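>>> Have a look at this fold, sequence not included:
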């Protein structure tokens, strides 16, 4: 069992240190305890938050990541929204493929999003990305809740 606010607080604290760009991480997390594979949820959330921080836009006045977590109809909805550099349309279809990297090779190995998608699949959920270059990216995840 995990208490969602504590779970996300720990992830944010783990990833906030040593950032190149100061990013304001805001959270809106439903204060409930759920039963879920914590190991897999941890991999998903760490990878998505890590990417949001890694691809923050240093030219923006207030770089942010907004983490929203709620439950709707027995589904856990998690979204990571940022105002980072964004992902070009040409990359969106392949962004979850293993070893796929965009033009920022120095930043990624092409493993993080692939792993996140694999973990979401193993939990019986779905993951989606919406992104606009120069505006930002939102990853949306839906995971079934077991009670």
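That came through fine. All values derive from a computational prediction rather than experimental measurement. Numbers count the residues shown, from 1 in each chain.

>>> Could you point out the helix or strand that follows the top helix by length along the chain?
Secondary structure of the chain read by DSSP state H shows that its longest helix is helix 38-54. Moving toward the C-terminus from helix 38-54, the next helix or strand (DSSP states H and E) is strand 64-72.

>>> Check what contacts that following strand and list those residues.
Here strand 64-72 makes contact (Cβ atoms under 8 Å, 6 or more residues apart in numbering) with 4, 8, 12, 23-30, 32, 34, 49, 52-53, 56, 76-83, 145. For every residue, glycine as well, the C-beta is placed using N, CA and C.

>>> Not counting its neighbours along the chain, what's nearest the residue nearest to the spatial centre of the chain?
When the chain is reduced to its mean C-alpha position, the closest residue under Cα atoms, centre = their mean turns out to be residue 48, at 2.6 Å. Nearest in space to residue 48, with sequence neighbours left out and distances taken as Cβ to Cβ, 6 or more residues apart in numbering, is residue 80 at 4.6 Å.

>>> Local confidence estimate at that neighbour?
The predicted local confidence for residue 80 comes out at a pLDDT of 97.
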